[in-house]
Structure formats: structure tokens, C-alpha cells
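**Q** Sequence first, predicted model second:
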Amino acid sequence: MNADIKAVEATVRTYLDGLYEGDAEKLAHVFHPTSALTTVREENAVRNRPSPQAAGMQRDDHILTIDLVGPTLALVKVKCQMPPRYFTDLLSLLKIESRWQIVQKVFMTETLGA
């Protein structure tokens, strides 16, 4: 497997770990300082909600696709959950100073039974 794909996957796994654990430091490590977060409506920040792990929720997240567009750009689609909410995230990553970082997150939320 391409070293860059492995590095992108490791970055995204750290992102998913940070979401599940409610670990803002892990998330800060994978997001570029100028990153953007976009969704249709405002969501609770990680720091302001109990983590899925602390709430005893089952972890169920998946990397659906990794598209290595070029040597410095990757697009990743992931699914994760905080029942009854289910998320689809589209992440844009850039390789900056030899490290893959999330520079844009666009996501949507679906609520079970809504």
C-alpha cells in the first residue's frame, strides 16, 4: 500500500479516535489551524458534549473511501455515529510540511427515526 495512503488513513483513524473519545487534543493534532468545518446546521462542539465512549456507546465508524488525488491532496469519506445521530463526513486533507492534515470537513447528520 502506498505510504501516503497509510499516512492519510492514520490521520483519519486519529480523527475518529478523537471523536469517539471526546479528545479535543487528538482532533487539534489532525486539523490544520486554518481548517474549516461546514454543515447545514450548527452542531455541538466536542468539548461541550459527553464523548460516545464515556456514554458507553458502541463504536461503529468506517473509512468508506480514500482518494489520493495527488502527492499533496486526499479526499476521505467516513461514517460514524452517536446514536441516535449518524454522521457522514467528507474530509479534505493536505500534506503540509510532510504531514497529512485535515483542512476541510463537510458533514451531514441523520437522526434515526426522524
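**A** Alright, I've got the coordinates. Remember, it's a predicted structure, so these values are computed and weren't measured experimentally. Numbers count the residues shown, from 1 in each chain.
**Q** what residue lies at the spatial centre of the chain?
**A** Y15 (4.7 Å; CA atoms, centre = their mean).
**Q** Quickly note the distance from that one to T111.
**A** 22 Å (CB to CB, to the nearest Å). For glycine as for every other residue, the C-beta is placed from the backbone atoms N, C-alpha and C.
**Q** Looking at strand pairing, list the partners for T38.
**A** For T38, the beta-bridge assignment (DSSP bridges) gives partners V106.
**Q** That one: how many residues sit nearby?
**A** 9 (other CB atoms under 10 Å).
**Q** cool, and W100?
**A** 24.
**Q** so it bridges to which residues?
**A** K95.
**Q** Please confirm that the residue nearest to the centre of the chain is located within a helix.
**A** Yes. Under DSSP: H, G, I helix; E, B strand; the rest coil, Y15 sits within a helix.
**Q** Can you verify my assumption that it contacts L91?
**A** Yes. If you go by CB atoms under 8 Å, Y15 and L91 touch, sitting 7.3 Å apart.
**Q** Pretty sure G18 sits in a strand.
**A** No. The assignment for G18 (three-state DSSP) gives helix, which keeps it out of a strand.
**Q** Quick one: residues contacting it.
**A** The contact partners of G18, by CB atoms under 8 Å, 6 or more residues apart in numbering, come to A24, E25, K26, L27, H29, V30, V46.
**Q** redo that, cut-off 6 Å
**A** Counting by CB atoms under 6 Å, 6 or more residues apart in numbering, G18 makes contact with K26, L27.
**Q** do I102 as well
**A** V30, F31, S35, L91, L93.
**Q** For this protein, just list every one of the helices.
**A** Here the chain has its helices, by DSSP state H, at 3-21, 24-30.
**Q** In CSV: the ones you listed, plus mean pLDDT and distance to K77.
**A** Formatted as CSV, those follow (pLDDT from 0 to 100; distance: least, CB to CB, whole Å):
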stretch, mean pLDDT, distance to K77
helix 3-21, 97, 10
helix 24-30, 95, 16
